[in-house]
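Peer 1: below are the sequence and a predicted model for it; my questions follow.
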Amino acid sequence: MIQTRVGPRAAASATRPPAIRLLTTRLLTTRLLAAWLLATWLMVGADQAGAQQRMAPGPSGLEAGSAEAGPQVWSQSTGRPGSEASGGRRLLIRLPAPHMDARGELIARPQVQVVPIPGSAAAGPLPGSGVTGSGASPPAQSPPGSTFQMASVFQPPPAGQVPLPESMPAPYGTPLGPLEEIRPGEMILSESGQPMFGNLVDESLAPRHQRHSFLSRWFGLYRSPYEDRGLGYERVGMAPMELDITQPMNNLRFRFDNAYGFEFPDRAEFFWAKVGGRGPDKDQVGINEQVNYQEIRYMWEVAASPNVSLQTELPVRFLDPQDMFYNTTGLGDMSITTKLLMLDGRRTQITQYFRTYLPTGAPGHGLGTGHTSLEPGFLFRYMWTDATYLHGELKYWIPLGGDPAHSGQVFRWGAGISHLWYEADSFAIIPTLEMVSWTVMDGQKTVLPAVPLAIEVDGETTVNLYPGMRFTWDTGGDLGLFELGLQGGFTITETSWYSGLFRIEARFVY
């Protein structure tokens, strides 16, 4: 059995009535509250007295609240005010003053000053502290008009001298320890992980493990935080040449195409009118079904707004038939195109496209089809990275008023990629790669043995590849940007329109 011994005072308290015990508890609480209020009042009074002392002019002639003294970050007293034995000094640490060293690097070091506490004996420099008191003459590198000296290296003084606070605030966002140094080629990172002055520093200054290969840049696996965004990043989305671009814009374009080995030019009346019909007479045609031709195309696009544009194009065609009739030159079929930007997202653009071909070329000379054609479709663009864009298109060519049996509809689709390879302040190089496929849905083509024969072409498909390179200059002139494009084309299928093509394009974007 456990017995508990109770003292006389506790036993007397236990025998008191409940009302007396409650009154005693309240009196004790009131005494504690009064003591807390008195202590608070004394502390406030002491702080106000200290503030008045700090605002009073000291032996250095500077006031703590003046503009010359600068903002006070922290102060630590070495003794009580009026204490002669302790030295009566106060350590002042002000905000760092940035300056350039002999190597041209920006250095920010704390401003340290030891001043006497009013009412104490002013003393000279503290031995071994590395700082001077207010009565000492300032060094040559101190700001004019000040009476303090900047410490060459801010380190804790020897034991027994001016005490330092337990912890000093580190520079904002600096992950380095107090004893670490910044080696050449390294940078101080901010809290977000991005380099300070990131747009002014090239990636070549970054540590080796942060650099990336050419392939990672090309395929969009890495985006350098040190790169600036300039002319090339603005134009890489409008770089394709064979594919129509999605963005309506004001531009003037001149294009020269040189194609050779064009097979069955009257196929579905897509390039020519039917041989022996509206097209060239069959008596003028030899036994070779291929044509070489050159075209100079003048195109002018005007954007009524960033979402709508109207485009007109006039071609001049030069024919060089093989074993056919004489060479000829003249105006081809002109076209009128409208674009309506339907979706303009942060990464995706979709544009409605509608082109009308007018029979302005002479079909009997192989310069046109002899009928009106419509070509509705959609254009697509997707931003993979800031420097790489994917492109696509879907089009459907519809002849109106052509030969009922010979003319046919043609479905076209294409895909491509453009990538910013190099850019400077006013120059950029943008390579492109495009692929286009045509599928003839119905119609006929003329085979030229001794007697011309019309053969069905339903389902014939042709696929061509177009590698190219676009160069962009910001000339600063009235015509705005100047772009030069070079492109080649070749077929990768057995069936083809032409065997090969070479293209030069000059475009002014204003």
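Peer 2: Sure thing, it's come through. Numbering: from 1, shown residues only.
Peer 1: only C-alpha atoms for contact and neighbour calcs from this point on.
Peer 2: Noted.
Peer 1: surely Ala268 is in a helix?
Peer 2: Yes. Using DSSP: H, G, I helix; E, B strand; the rest coil, the assignment for Ala268 is a helix.
Peer 1: and it, what does it touch?
Peer 2: Taking CA atoms under 8 Å, 6 or more residues apart in numbering, we find Ala268 in contact with 406-409, 440, 442-445, 457.
Peer 1: any idea how far it is from Gly401?
Peer 2: Distance, Ala268 to Gly401, by CA to CA, to the nearest Å: 13 Å.
Peer 1: now swap in Thr360 and tell me
Peer 2: Here the criterion is CA to CA. By it, Thr360 lies 14 Å from Gly401.
Peer 1: now Pro248
Peer 2: In terms of CA to CA, Pro248 sits 31 Å off from Gly401.
Peer 1: again with Ile492
Peer 2: From Ile492 to Gly401 the distance is 32 Å (CA to CA).
Peer 1: what about the stretch 101-250 of the chain, any weak spots by pLDDT?
Peer 2: The stretch 101-250 of the chain contains residues with pLDDT under 70 at 104, 108-115, 117-228.
Peer 1: any idea what Gly500 is bridged to?
Peer 2: Bridge pairing for Gly500 (DSSP bridges) gives the partners Tyr260, Phe490.
Peer 1: what's the neighbour count on it?
Peer 2: 19 (other CA atoms under 10 Å).
Peer 1: just use 557 as the starting number from now, easier for me
Peer 2: Yes, from this point I'll number from 557; that puts the last item at Gly1056.
Peer 1: and Pro804 and Gly957? Which one has more around it.
Peer 2: Comparing Pro804 with Gly957 by other CA under 10 Å, the one with more neighbours is Pro804, at 23 against 11.
Peer 1: count of neighbours near the residue lying closest to that one once chain neighbours are set aside?
Peer 2: Counting by CA to CA, 6 or more residues apart in numbering, Ser865 is the residue found nearest to Pro804 once chain neighbours are left out, at 5.3 Å. For Ser865, the count of nearby residues is 19 (other CA under 10 Å).
Peer 1: and the contacts of the helix or strand containing Ser865?
Peer 2: Element membership for Ser865 (DSSP states H and E) is strand 864-877. When contacts are defined by CA under 8 Å, 6+ apart, strand 864-877 is touched by residues 804-805, 846-860, 882-897, 922-923.
Peer 1: can you tell me the closest non-neighbouring residue to Gly972?
Peer 2: Glu990 (4.0 Å).
Peer 1: quick one: the helices in this structure?
Peer 2: Using DSSP state H, the helices of the chain run over residues 564-571, 574-611, 770-774, 787-791.
Peer 1: per-residue pLDDT, the residue nearest to Gly972?
Peer 2: Listed pLDDT for Glu990 reads 98.
Peer 1: pretty sure it is touching Ile973, no?
Peer 2: Yes. Between Glu990 and Ile973 there is a contact at 6.5 Å, judged by CA atoms under 8 Å.
Peer 1: overlap of the contact sets of those two?
Peer 2: Counting by CA under 8 Å, 6+ apart, the residues touching both Glu990 and Ile973 are Pro796.
Peer 1: just the strands in the stretch 757-906 of the chain please.
Peer 2: Assigned by DSSP state E, counting those that start in this stretch, the strands in the stretch 757-906 of the chain fall at 807-819, 846-861, 864-877, 884-887, 890-900, 904-914.
Peer 1: adding distance to Pro796 and mean pLDDT, write those strands out as JSON lines.
Peer 2: Shown next, in JSON lines, are the strands of the stretch 757-906 of the chain (distance: least, CA to CA, whole Å; pLDDT from 0 to 100):
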{"stretch": "strand 807-819", "distance to Pro796": "13", "mean pLDDT": "93"}
{"stretch": "strand 846-861", "distance to Pro796": "15", "mean pLDDT": "93"}
{"stretch": "strand 864-877", "distance to Pro796": "17", "mean pLDDT": "92"}
{"stretch": "strand 884-887", "distance to Pro796": "26", "mean pLDDT": "90"}
{"stretch": "strand 890-900", "distance to Pro796": "16", "mean pLDDT": "96"}
{"stretch": "strand 904-914", "distance to Pro796": "15", "mean pLDDT": "97"}
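Peer 1: ok, which of those strands comes nearest Glu979?
Peer 2: Of all the strands of the stretch 757-906 of the chain, strand 807-819 sits nearest to Glu979, with 21.3 Å by CA to CA.
Peer 1: and Gly835, what does it touch?
Peer 2: The neighbourhood of Gly835, defined by CA under 8 Å, 6+ apart, consists of 822, 828-829, 919-922, 925-926.
Peer 1: err, Ala980, not the other one
Peer 2: Ala980 makes contact with 786-788, according to CA under 8 Å, 6+ apart.
Peer 1: most neighbours among those residues, which one?
Peer 2: For these, the largest number of neighbours (other CA under 10 Å) sits with Gly788, at 26 neighbours.
Peer 1: what's opposite the residue nearest to that one when sequence neighbours are not counted in the beta bridge?
Peer 2: The shortest distance from Gly788 to any non-neighbouring residue, by CA to CA, 6+ apart, is to Ala984 (5.1 Å). For Ala984, the beta-bridge partners under DSSP bridges are Glu979, Thr1028.
Peer 1: could you report the neighbour count for Ala590?
Peer 2: Applying other CA under 10 Å, we find 11 residues neighbouring Ala590.
Peer 1: right, I mislabeled it, should have said Asn806
Peer 2: Count around Asn806 with other CA under 10 Å applied: 18.
Peer 1: so for it, what's the nearest residue that isn't a sequence neighbour?
Peer 2: With CA to CA, 6+ apart as the criterion, Asn806 has its nearest non-adjacent residue at 4.7 Å, and that residue is Val858.
Peer 1: that neighbour: what's it in contact with?
Peer 2: Listed by CA under 8 Å, 6+ apart, the contact set of Val858 reads 805-807, 865-867.
Peer 1: and Asp1034, backbone torsions?
Peer 2: phi -70, psi -30 (degrees, to the nearest 10).
Peer 1: so what's the residue count around it?
Peer 2: Asp1034 - counted by other CA under 10 Å - has 9 other residues nearby.
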